[in-house]
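Novice: need coordinates for the below:
(chains A and B)
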Amino acid sequence: MAAPPRHVSMLSISNSNSNSNAGTPQSTSSEKPQTPQPPSTPQPTSGLRVPSNRKTIYDRHLNRSRNAESSRASFAYLFAEMVAYAQRRVKGIQDLEKKLNEQGYPLGLRLLDLLFYRSTSTSSSALSSSSTSSSPPNRPLRILPLLHLIHGPLWRLLFQRSADALEHSVSPDTPNEYMITDNDPLVNTYISVPRELNMLNCAAFIAGVIEGVCDGCGFEAKVSAHNQPTEMWPSRTVFLLRFGDSVMEREKVLERAGVK
Amino acid sequence: MSATKASRIGEEIWKTRIDKVNAELVTLTYGTIVAQLCQDYNSDYQEVNKQLEKMGHNIGMRLIEDFLAKSGVGRCANFRETADMIAKVGFKIFLNVAPTVTNWTSDNNQFSLIFDENPLADFVELPDDGRAQDELWFSNILCGVLRGALEMVQMQIEAHFVSDVLRGDDTTEMRVSLVRYIEDEMPPEEE
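Specialist: All right, here's what the predicted structure looks like:
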């Protein structure tokens, strides 16, 4: 089950009808009855103004920026400011990584929708215009398809390549642990970590994105980023995914039921 | 240098000398920053605008060196040339857009940048809380970037947005004013 977003949403769709909905159980049972007359200034369904030339997100195709490019420098500048800002408000490495994780999390929730949307639109367009054959979004039900979604499509959407490795923990004590490896994470390209913070890995931001994707799919998980440098890949990073007990139990049930 | 020549330079650098990333990664990262600020400052949008401008200033001070190294352009002869350089080379090589330079004052010290495209604001809708559309300048970081970058090449400027499609306006427009040319090489202010 998806955890509620830990984040104030920039999207207003979710709360735009919160004050007009009189049929919710909370407002009918214990709270004092709401005044029946509308507020003095009657509001349209959404209070947002929109440009007369209809330059809104609703008039824009979701795939328009799919292949758009920007400069890597701009990303690096913004990410550096994000890290610097987070650093001013925390004490210690763990706090900082937690903060970065929290910033990535809502991104993961939303990227998930975008991934599903695009995976269907490409498959239906590939099958020409026959509307009957367009398949529904391929939401993963088991852990492995979810991991492939992260390792492949998610990584390609963010970094234009797949991740470098996907592994399952070999220890019998931790069957719920999986690892996704990126040999050279883009987020760390321009970051040199000072010696006193040498455990820090700013890819905690990406770990948060992964966590959001997992939670959004209904796979409760904790995800963390760890430095695992090799001689060839000094900034090699391993993302450790630890799925919750409920996920593992469901996994067993689904396996018995033969669900792939 | 003419605006068309600046456009050509911008295109050329963008094609040959710039490492690219998916534009959506930049968009989403920026959106995350703004969302975090709105949360941390309890939707005090004036303060969010201010913080974004500060972040931009930090970026601008470092970005200018990158800009000069990649573009190899020399000193601009006047503020009009500076404006074209910002719009057609600077914005092009860092955000892959080229805003229109227009609405000059007669003393050539003030102009507007009109953004047909604003990659920072893709996928964005402001909170429907009755205030954000009146108070938040979502892309305010860009004002800070210009201020920081130009400060490092001896120009003190002031930049602010005057309209934004996210607020329901028909255009997204930034107003840029030259305050003065900085004569002495002063150390940059601590922000």
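Novice: which residues are contacting the helix or strand hosting B:K15?
Specialist: Element membership of B:K15, judged by DSSP states H and E, is helix B:3-17. Defining contact as CB atoms under 8 Å, 6 or more residues apart in numbering or on different chains, one finds that helix B:3-17 is touched by B:70-71, B:73, B:84-85, B:87-89, B:92-93, B:96, B:98, B:101. Glycine gets a C-beta too; all of them are placed from N, C-alpha and C.
Novice: can you tell me the residue of chain B closest to chain A?
Specialist: When scored by CB to the nearest CB, chain B has B:G168 as its residue closest to chain A, at 2.7 Å.
Novice: for that residue, grab the count of nearby residues.
Specialist: Per other CB atoms under 10 Å in any protein chain shown, the neighbour tally for B:G168 reads 17.
Novice: strands of the chain, start to end?
Specialist: If you meant another chain, say so; for now it's chain A. Using DSSP state E, the strands of chain A run over A:69-71, A:165-168, A:177-182, A:221-227, A:237-243.
Novice: oops, chain B please
Specialist: B:20-22, B:100-102, B:110-115, B:155-163, B:172-181.
Novice: mind putting those strands into CSV with mean neighbour count, distance to chain A and mean pLDDT?
Specialist: Output for the strands of chain B, formatted as CSV (neighbours: other CB atoms under 10 Å in any protein chain shown; distance: least, CB to the nearest CB, whole Å; pLDDT from 0 to 100):
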stretch, mean neighbour count, distance to chain A, mean pLDDT
strand B:20-22, 19, 4, 92
strand B:100-102, 16, 15, 97
strand B:110-115, 20, 11, 98
strand B:155-163, 17, 10, 97
strand B:172-181, 17, 9, 97
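Novice: may I see these organised as TSV, with distance to A:S52 added?
Specialist: Converted to TSV, the strands of chain B look like this (distance: least, CB to CB, whole Å):
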stretch	distance to A:S52
strand B:20-22	31
strand B:100-102	19
strand B:110-115	16
strand B:155-163	12
strand B:172-181	14
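Novice: hmm, A:R49 is touching B:Q133, no?
Specialist: Yes - with contact defined as CB atoms under 8 Å, A:R49 and B:Q133 form a contacting pair (5.9 Å).
Novice: of the two, who's got more company?
Specialist: Neighbour count, other CB under 10 Å: between A:R49 and B:Q133, B:Q133 has more, with 22 against 15.
Novice: how about that one: what's its closest non-neighbour residue?
Specialist: Of all residues not flanking B:Q133 in the chain, B:R167 sits nearest, at 4.8 Å (CB to CB, 6 or more residues apart in numbering or on different chains).
Novice: so what's that neighbour up against?
Specialist: By CB under 8 Å, 6+ apart, the neighbours of B:R167 are A:49, B:126, B:133-134.
Novice: let me see the confidence value for it.
Specialist: Note on B:R167: pLDDT of 95.
Novice: gap between it and B:Q39?
Specialist: Distance of B:R167 to B:Q39, given as CB to CB, to the nearest Å: 20 Å.
Novice: next one: B:Q156
Specialist: 33 Å.
Novice: nearest the geometric middle of chain B, what residue?
Specialist: In chain B, the centroid-proximal residue (CA atoms, centre = their mean) is B:L142; its distance is 3.0 Å.
Novice: touching, that residue and B:L120? I think so.
Specialist: Yes - using CB under 8 Å, B:L142 makes contact with B:L120 at a distance of 7.3 Å.
Novice: which residue ranges form the helices in chain B?
Specialist: Along chain B, counting by DSSP state H, helices occupy B:3-17, B:23-40, B:45-71, B:79-84, B:91-95, B:132-135, B:141-151.
Novice: list the contacts of the closest residue to chain B within the stretch 1-150 of chain A.
Specialist: Going by CB to the nearest CB, chain B is nearest to A:R49 of the stretch 1-150 of chain A, at 2.7 Å. A:R49 makes contact with B:133, B:167-168, according to CB under 8 Å, 6+ apart.
Novice: A:Q160: how many residues sit nearby?
Specialist: Around A:Q160 there are 14 residues (other CB under 10 Å).
Novice: residue contacts, the residue lying closest to it once chain neighbours are set aside?
Specialist: Among residues not flanking A:Q160 along the chain, B:N22 sits closest, at 5.9 Å (CB to CB, 6+ apart). Neighbouring residues of B:N22 by CB under 8 Å, 6+ apart: A:68-70, A:157-160.
Novice: please identify which of the helices of chain B is closest to A:N53.
Specialist: Each of those was scored for nearness to A:N53 using CB to CB, and the closest is helix B:132-135 (16.6 Å).
Novice: I'd like to know how far the residue nearest to A:R242 when sequence neighbours are not counted sits from A:A165.
Specialist: Sequence neighbours aside, A:K222 is the residue nearest to A:R242 in space, at 4.8 Å (criterion: CB to CB, 6+ apart). Taking CB to CB as the measure, A:K222 falls 20 Å from A:A165.
Novice: for the closest residue to B:L28 other than its chain neighbours, list the residues it contacts.
Specialist: Leaving aside its sequence neighbours, B:L28 sits nearest to A:L107 (CB to CB, 6+ apart; 5.5 Å). Going by CB under 8 Å, 6+ apart, A:L107 touches A:208-209, A:212, B:28, B:32.
Novice: and which of those residues is nearest A:L112?
Specialist: A:G212 (7.2 Å).
Novice: quick check: that closest one touching A:L114?
Specialist: No - look at A:G212 against A:L114 with CB under 8 Å: they stay out of range, at 12.0 Å.
Novice: before we move on, the earlier item: verify the stated contact: the residue nearest to A:R242 with A:D245.
Specialist: No - the criterion here is CB under 8 Å, and A:K222 misses it with A:D245 at 11.9 Å.
Novice: ok, the two, which is more surrounded?
Specialist: Neighbours per residue (other CB under 10 Å) separate A:K222 from A:D245, with A:K222 holding more: 15 against 9.
Novice: burial of A:G152, as a residue count?
Specialist: 15.
Novice: check A:N67 too.
Specialist: Neighbour number of A:N67 under other CB under 10 Å is 10.
Novice: show me the contacts for residue 171.
Specialist: Assuming you mean chain A. A:E177.
Novice: I was thinking of chain B, sorry if that wasn't clear
Specialist: Contacts of B:T171 by CB under 8 Å, 6+ apart are B:114-115, B:163, B:165.
Novice: 6 Å instead?
Specialist: B:114, B:163 (CB atoms under 6 Å, 6 or more residues apart in numbering or on different chains).
Novice: for it, what are phi and psi?
Specialist: The phi and psi values for B:T171, taken as degrees, to the nearest 10, are phi -130, psi 160.
Novice: quick one: residues contacting A:K55.
Specialist: B:V165.
Novice: gap between it and A:E102?
Specialist: Between A:K55 and A:E102 the computed distance is 32 Å (CB to CB).
Novice: hey, what's A:V238 bridged with?
Specialist: Listed beta-bridge partners, A:V238: A:T181, A:H226 (assigned using DSSP bridges).
Novice: any stretches of the chain with poor pLDDT?
Specialist: I went with chain A, as the question did not name one. Scanning chain A for pLDDT under 70 picks out the ranges A:1-46, A:120-137.
Novice: chain B, not that one
Specialist: B:185-187, B:190-191.
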